[in-house]
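*Asks:* Any chance you can model this:
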Amino acid sequence: MPTVFRRLDRYLEVSEEVLAALAEGRGVVALESNVIAHGMPYPRNLETALAVEEAVRRGGAVPATVAVIGGRARVGCGPEDIETLARLGPAVPKASVRDLPVLFAREVTGATTVAATGSIAARAGVRVFVTGGIGGVHRGWEGTFDISADLAVLGRVSLAVVCSGAKAVLDIPATLEHLEMLGVTVVGLGTERFPGFWVRETPYPVDVAVSTPEEAAAVAAARFASGLPGAVLVTVPVPAADELAREELDRALDRALAAAEAEGVRGKALTPFLLQAVEKATGGRSLQANAALLRNNAAVGARLALALAERCPGPVSPA
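*Replies:* Model prediction:
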């Protein structure tokens, strides 16, 4: 049966299932679509996207995959939307916040990054957003000022964002400094160290460690209730069975960065280039780790969403 949507304004539509869950004060978890179109090849991207949604449902929450479909921001994409994004893959534009007005004006489809997904989810009234790894400050930023829009959005939207840290191709200490500057609270779930996406931890501490998603929800609820702008970033290490060896990863990253420099790859093309290079260097094990941490983060996000619904009862209305 086709997914039914309600149009809330000219450029935003939300599925009836998500709207009902928000109105009833139930847990809803937003999911990004860029990882579907640009993060994995078909059909693995489709399998992973559906498995992530199923992990949210098994946890008792409602999944809300976000994308731009035909020029409208859509919260709660249906299976048909997800399959289209998966099949088209890189042919679908990668959409950050700056790209949204162009997609809206031209009435075309786009896969939303962390920045765009977070902005749209918050606009729809969703409190929890699950992703794999956030963008951040790129290596060599001193000469390029290449800093992801993800960080700026995290500094202004009221969301609890579940991730496995920042993508390992980034400058992690600079990313954490930038998050501190923006006032984002960085929580470690079961860890006192910031996760490194494909590896379970980096040498850098989080702001506070918690033992359960429910404890993380208490931090997020306090932030929301206080009226402070910005997100609570709940970081979750990749499952131990899927972690990459740090030495192997460092070698792969060094080669990938050298190749990107030689080929002049910069801007929004850099992260996908580096991720693909690491995937090739690890024989596909980085892709396996990515899928595993996404499923794990989705299960955490469902628990977090349910705990937040208990702490902040009542209907949630779009902003």
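
*Asks:* As PDB, could you dump the C-alpha coordinates of whichever helix or strand R123 is part of?
*Replies:* Secondary structure from DSSP states H and E places R123 in helix 114-124. Taking Å, rounded to 0.1, in the frame of the first residue of the first chain, the C-alpha atoms of helix 114-124 are listed here in PDB:
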ATOM      1  CA  VAL A 114      23.400  15.100   8.100                       C
ATOM      2  CA  ALA A 115      23.000  18.900   7.900                       C
ATOM      3  CA  ALA A 116      20.000  18.800   5.600                       C
ATOM      4  CA  THR A 117      18.300  15.900   7.300                       C
ATOM      5  CA  GLY A 118      18.800  17.500  10.800                       C
ATOM      6  CA  SER A 119      17.300  20.800   9.600                       C
ATOM      7  CA  ILE A 120      14.300  19.100   8.000                       C
ATOM      8  CA  ALA A 121      13.700  16.700  10.900                       C
ATOM      9  CA  ALA A 122      13.700  19.500  13.400                       C
ATOM     10  CA  ARG A 123      11.300  21.500  11.300                       C
ATOM     11  CA  ALA A 124       8.900  18.500  11.300                       C
END
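
*Asks:* That helix packs against which elements?
*Replies:* strand 12-15, strand 28-31, strand 62-69, strand 72-75, strand 128-130, helix 149-154 (3 or more CB pairs under 8 Å, 6 or more residues apart in numbering; DSSP states H and E). Yep, even glycine has a C-beta here, placed from its N, CA and C like the rest.

*Asks:* Can you get me a residue count around the nearest residue to V206 once chain neighbours are set aside?
*Replies:* Distances taken as CB to CB, 6 or more residues apart in numbering place G188 nearest to V206, at 3.6 Å, with adjacent residues excluded. Applying other CB atoms under 10 Å, we find 23 residues neighbouring G188.

*Asks:* and G188, helix, strand or coil?
*Replies:* Here G188 is strand, with the state taken from DSSP: H, G, I helix; E, B strand; the rest coil.

*Asks:* ok, and what's touching the helix holding R123?
*Replies:* With contacts defined as CB atoms under 8 Å, 6 or more residues apart in numbering, helix 114-124 is touched by 8, 12, 14, 18, 22, 30-34, 64, 66, 68, 73, 75, 95-97, 99-100, 110, 112, 129, 131, 134-135, 148-150, 152-154, 157-159, 161, 231, 318-319.

*Asks:* and if you look at stretch 15-22?
*Replies:* With CB under 8 Å, 6+ apart, stretch 15-22 has contacts from 3-6, 27-28, 61-62, 64, 74-78, 124-126, 315-318.

*Asks:* Same check on stretch 187-195?
*Replies:* With contact meaning CB under 8 Å, 6+ apart, stretch 187-195 is reached by 164-166, 172, 176, 186, 200-213, 216, 219, 232-238, 300.

*Asks:* what do you get if the cut-off is 6 Å, keeping everything else the same?
*Replies:* With contacts defined as CB atoms under 6 Å, 6 or more residues apart in numbering, stretch 187-195 is touched by 164-165, 201-202, 204-206, 208-210, 216, 219, 234-237.

*Asks:* Buried residues of that stretch, list them for me.
*Replies:* Buried residues in stretch 187-195, defined by neighbour count with 16 or more other CB atoms under 10 Å: V187, G188, L189, T191, R193, F194, P195.

*Asks:* picking that back up, quick check on the contacts of helix 114-124: which are buried?
*Replies:* The buried subset of the contacts of helix 114-124 - by 16+ other CB under 10 Å - is 8, 12, 14, 18, 22, 30-34, 64, 66, 68, 73, 75, 95-97, 99-100, 110, 112, 129, 131, 134-135, 148-150, 153-154, 157-159, 161, 231.
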